[in-house]
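Chemist: the amino acid sequence is not available; the structure is as follows:
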C-alpha cells in the first residue's frame, strides 16, 4: 500500500505512528489544536518576560520573580508543543523537510534558543544590579535579549502558519 | 457528532446567511483578501499572537488565584497588570476575525463549528466580565480568594481551550 521508503524522512512517515496520524480523520486536527494551546502558552509567558526586560510592562515585580513564575509554564508548554509538533511532523515528514518555511521555523527556533541560553548564562550574571522592584535601569544586553526573543517568536508563528498554506507546493 | 454538525450545516444553508456570505464575497475587500495569497495567513498570525497575549495573561491571573506564584502582588494588582491585556487582545481578535470572515465568508458563516465557537466566545466574555468586575474585586474587599474565584479561573481557561479547539476545527468542519 505504501511504497518502500527511499530515505529517512519517508521511513519516519511510513512508520506505524506516521501512517496512523495521516490516515485518521481526527488525529491531525486534534494534535494541531493541542499544539496551538501549547504554543500560545509558550509565547504568552515568554512575552511577559520580554516586556519586563524591555521595561514596557510588569515593572512592579522583580524580574527574578516574574521569570520564576512564568518559566515552568514556558518549559512545560514547550515540551507539549514539541511532542505534538513532533507527531505532526512524523505524519508528513518528507513534505515538511522540503518546505522552506518549516526549515526557517526550525532555524529561527534555534536562534531563539541561543538567545535564551546567552541571556541566562551571560547577561543574567549581572542581574543582582538591576533585578529591582519598580523602574530600575535595565542593561542594554537584557533589552536586546527581550526584543530579539519577541521578534524570533513572532517569526516562528509566521513561518508556522506559512507551512500550513504551502504544504503540497514544494512536493 | 458528525451527523449533528452535518445537519447544522444543512440548516445554515437554508438561512439568510447564505445571501450575506455571497454578498460579502462580492465586495472589493473580499476580493483583495482572496487574491492575496498571504492575506489570510497574515491575519491568522495576528489572531494567534492575540490569543497568546490573552491566554498568557489569563494564566498569570490563575497562577495568582491559586497562590502558585506572583505572591509579591495582591490579586487586584495582578488583575490590574493583566486584565487590560486580555481585553485589548480580544479587540485584536475580533478585528482580525472580522477580516478573515470578509476574506472567506462562506467557509466561516456557513460553518457549524464557527457558530459553536461564537457562542463560546460570548459565554467567555460574559464570564470574564463577571470574573474581572465581580469576583476579583470581591476577593479584594477582604473576603479572600474563595471558591468562586478558583472556579471562575478554571472555567474561563477551559472555555478558551474550547474556543481554540473550535478555531482550529473550523478548517475541518464536515460540509
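Modeler: Great, that's in hand. This is a predicted model, so every value here is computed, not measured.
Chemist: can you report how many residues lie near residue B:158?
Modeler: The local packing of residue B:158 (other CB atoms under 10 Å in any protein chain shown) involves 11 other residues. The way it works is simple: take the backbone N, C-alpha and C, and place the C-beta from them, glycine included.
Chemist: list the contacts of the strand or helix carrying it.
Modeler: Using DSSP states H and E, the secondary-structure element containing residue B:158 is helix B:147-169. Contacts with helix B:147-169, where a contact means CB atoms under 8 Å, 6 or more residues apart in numbering or on different chains, come from A:29, A:32-33, A:36-37, A:40, B:47, B:51, B:54-55, B:58-59, B:61-62, B:65-66, B:75, B:113-114, B:116-117, B:120-121, B:123-124, B:127-128, B:130-131, B:135-136, B:139.
Chemist: show me the residue at the heart of chain B, geometrically.
Modeler: Taking CA atoms, centre = their mean, the centroid of chain B lies closest to residue B:121, which sits 4.8 Å from it.
Chemist: need the pLDDT of residue B:158.
Modeler: pLDDT, residue B:158: 97.
Chemist: before we move on, back to that, now, the contacts of helix B:147-169 that are in helices?
Modeler: Among the contacts of helix B:147-169, the residues falling in helices (DSSP state H) are A:29, A:32-33, A:36-37, A:40, B:47, B:51, B:54-55, B:58-59, B:61-62, B:65, B:75, B:113-114, B:116-117, B:120-121, B:123-124, B:127-128, B:130, B:136.
Chemist: residue B:79 and residue B:60 touch, don't they?
Modeler: No. Contact criterion CB atoms under 8 Å: residue B:79 and residue B:60 do not qualify, at 9.8 Å.
Chemist: element containing residue A:45, please.
Modeler: Applying DSSP H and E, one finds residue A:45 within helix A:27-53.
Chemist: buried ones in stretch A:78-85, by neighbour count?
Modeler: By neighbour count with 16 or more other CB atoms under 10 Å in any protein chain shown, stretch A:78-85 contains the buried residues A:78, A:80, A:81, A:84, A:85.
Chemist: same question for stretch B:91-110.
Modeler: Buried residues in stretch B:91-110, counted by 16+ other CB under 10 Å: B:92-93, B:96-97, B:99-110.
Chemist: filter those down to the ones close to chain A.
Modeler: For chain A, no contacts are drawn from those by CB under 8 Å from any CB of the partner chain.
Chemist: sorry, back to before: report pLDDT for the residue nearest to the centre of chain B.
Modeler: Looking at residue B:121, the pLDDT reads 98.
Chemist: next up, the contacts around it.
Modeler: Applying CB under 8 Å, 6+ apart to residue B:121 gives the contacts residue B:163.
Chemist: distance of it from chain A?
Modeler: Noted for residue B:121: a distance of 16 Å to chain A, by CB to the nearest CB, to the nearest Å.
Chemist: over to residue B:102?
Modeler: Distance of residue B:102 to chain A, computed by CB to the nearest CB: 18 Å.
Chemist: again, but for residue B:124
Modeler: 15 Å.
Chemist: and the residue of chain B at minimum distance from chain A, what is it in contact with?
Modeler: Nearest residue of chain B to chain A, counting by CB to the nearest CB: residue B:56, 2.0 Å away. Listed by CB under 8 Å, 6+ apart, the contact set of residue B:56 reads A:40, A:41, A:43, A:44, A:45, A:47, A:48.
Chemist: mind redoing it with 10 Å?
Modeler: By CB atoms under 10 Å, 6 or more residues apart in numbering or on different chains, the contact set of residue B:56 is A:40-48, A:70, A:73-74, A:77, B:82, B:85-86, B:89.
Chemist: grab the nearest non-local neighbour of it.
Modeler: In this structure, residue B:56 finds its nearest non-sequential neighbour in residue A:44, 2.0 Å apart by CB to CB, 6 or more residues apart in numbering or on different chains.
Chemist: check residue A:90 too.
Modeler: That would be residue A:18: by CB to CB, 6+ apart, it lies 4.5 Å from residue A:90.
Chemist: next, the buried residues of the helix or strand hosting that neighbour.
Modeler: Under the criterion of DSSP H and E, residue A:18 resides in helix A:16-23. By neighbour count on 16+ other CB under 10 Å, the buried set for helix A:16-23 is A:18, A:21.
Chemist: rounded mean pLDDT for stretch A:113-132, please.
Modeler: On average, stretch A:113-132 scores 89.
Chemist: now do the buried residues in it.
Modeler: A:115, A:116, A:119, A:123, A:124, A:127, A:131.
Chemist: those into TSV, with extra columns for distance to chain B and secondary structure?
Modeler: Listed next are those as TSV, based on distance: CB to the nearest CB, whole Å; DSSP: H, G, I helix; E, B strand; the rest coil:
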residue	distance to chain B	secondary structure
A:115	18	helix
A:116	17	helix
A:119	19	helix
A:123	22	helix
A:124	19	helix
A:127	16	helix
A:131	13	coil
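Chemist: from these, pick the one nearest residue B:34.
Modeler: Minimum distance to residue B:34 across the buried residues of stretch A:113-132 is 37.5 Å, recorded for residue A:115 (CB to CB).
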